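*Asks:* how would this look folded up:
(one chain, ligands or ions: 2)
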Amino acid sequence: MTTTGNGWLTDVVSGTLSLLFPHRCAGCDRIDICGFCRECKSLLDLANPDECCSRCGAPSSAPSAFTTSCPDCRRMSLRFKQAVSCLRYTGPLARGVVLWKYEGHRYLSNPLASLMIEWTAGTAPAWFETVQAVVPAPQHPDTLRRRGFSPAEELASRLASAFELPYLPRLLFKIRYTEPQARLSRDTRTANIQDSMMVFDNSLIQGKIALVIDDVMTTGATINECARALKASGADTVYCLTLARQAG
Ligand SMILES: [Zn+2]
Ligand SMILES: [Zn+2]
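*Replies:* Numbering: from 1, shown residues only. Ligands and ions are numbered 1, 2, ... in the order given. Sure thing, here's the model as predicted:
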């Protein structure tokens, strides 16, 4: 226990809280685990980019069919060069993300970001070495107030720190409120989010290779809008990395 400043008080409070409300596995509720227990970790479905669409990262049972793009991303005008996801949004991970994003379990930011960092260190495509700026996908101030934190920022700040990359929080911002994409059909997602983002300061991103970070990708409409705004502000190339990929 630290005895400097109010550190002892923080330790007493967090010790008492952990006795009253012990952490549980995000996947199966097992007690005294912060993050995922060994069994749930073994059930996480890690993505292999070689088995996904080489443009939008959609998982495929027949990857040889995706030489440059899949039917899904051919329907969209993609502004990013490539999007990849670390895990499929299923099983224990999906449960953990729901607890994290919608039920206030912010402490899951650390274990979820760790999954992303481990995957990136071992599996990310070669372009990751060229990234010059890490940019979290923005959320509207009303959403931030309601949730209390930004899931994309929680992941992006930890990833940027782990790989010692420049981190540009709040570079992108939303200029209007949009309906949560999760509530909308595939066909209305692009229209909902289109032209909803702007860059705060173009000089921070001009000529740079940017990496957009978000939590869950479904159709890619949100990260595509991030890429549009960054490219319109002079970014050279935009790549995207999300923690999880959900079937569209
Ligand atoms: Zn578990
Ligand atoms: Zn695709």
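*Asks:* Let me see the mean pLDDT of stretch 221-235.
*Replies:* Across stretch 221-235, the average pLDDT comes to 97.
*Asks:* Could you do stretch 35-50 as well?
*Replies:* In the prediction, stretch 35-50 has an average pLDDT of 92.
*Asks:* Say whether ligand 2 is contacted by that stretch.
*Replies:* No: using C-beta under 5 Å from the ion, stretch 35-50 stays clear of ligand 2, coming no nearer than 11.8 Å. C-betas here are computed from N, CA, C, even on glycine.
*Asks:* now do the same end-to-end measure for that stretch.
*Replies:* 28 Å (C-alpha to C-alpha, to the nearest Å).
*Asks:* That one and ligand 1, any residue contact?
*Replies:* Yes: looking at stretch 35-50 against ligand 1 by C-beta under 5 Å from the ion, the contacts come from Cys37, Cys40.
*Asks:* Point out where the protein drops to low pLDDT.
*Replies:* 1-8, 10-22, 61-68, 248 (pLDDT under 70).
*Asks:* Which residue ranges of it form strands?
*Replies:* 82-88, 133-136, 172-174, 197-199, 209-217, 237-245 (DSSP state E).
*Asks:* Need the contact partners of the fifth one.
*Replies:* The contact list for strand 209-217 (C-beta atoms under 8 Å, 6 or more residues apart in numbering) reads 57, 80, 83, 85, 89, 97, 101, 127-128, 130-137, 151-152, 155-156, 159, 165, 222-223, 226-227, 230, 235-246.
*Asks:* out of the residues you listed, which are buried?
*Replies:* Neighbour counting over the contacts of strand 209-217 (16 or more other C-beta atoms under 10 Å) leaves 57, 80, 83, 85, 89, 97, 101, 128, 131-137, 151-152, 155-156, 159, 165, 222-223, 226-227, 230, 235, 237-246 as the buried ones.
*Asks:* Show me what from the protein comes close to ligand 1.
*Replies:* When proximity is defined as C-beta under 5 Å from the ion, the chain approaches ligand 1 at Cys25, Gly27, Cys28, Arg30, Cys37, Cys40.
*Asks:* Wait, the second one touches Ala94, no?
*Replies:* No: using C-beta atoms under 8 Å, Gly27 is not in contact with Ala94, being 9.0 Å away.
*Asks:* higher neighbour count, these two?
*Replies:* Comparing Gly27 with Ala94 by other C-beta atoms under 10 Å, the one with more neighbours is Gly27, at 22 against 17.
*Asks:* which residues does the nearest residue to Arg158 once chain neighbours are set aside contact?
*Replies:* Sequence neighbours aside, Ala113 is the residue nearest to Arg158 in space, at 3.7 Å (criterion: C-beta to C-beta, 6 or more residues apart in numbering). Residues in contact with Ala113 (C-beta under 8 Å, 6+ apart) are Glu154, Leu155, Arg158, Leu159.
*Asks:* List the contacts of Asn224.
*Replies:* Contacts were defined as C-beta under 8 Å, 6+ apart; by that measure Asn224 touches Met76, Ser77, Leu78, Arg79, Phe80, Thr190.
*Asks:* the helices in this structure, which residues?
*Replies:* Secondary structure of the chain, counting by DSSP state H: helices at 7-20, 38-43, 71-74, 91-102, 109-123, 141-147, 151-162, 186-193, 221-232.
*Asks:* The strands of the chain into JSON lines, with extra columns for distance to Cys53?
*Replies:* What follows is these, written out as JSON lines (distance: least, C-beta to C-beta, whole Å):
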{"stretch": "strand 82-88", "distance to Cys53": "9"}
{"stretch": "strand 133-136", "distance to Cys53": "22"}
{"stretch": "strand 172-174", "distance to Cys53": "24"}
{"stretch": "strand 197-199", "distance to Cys53": "24"}
{"stretch": "strand 209-217", "distance to Cys53": "12"}
{"stretch": "strand 237-245", "distance to Cys53": "10"}
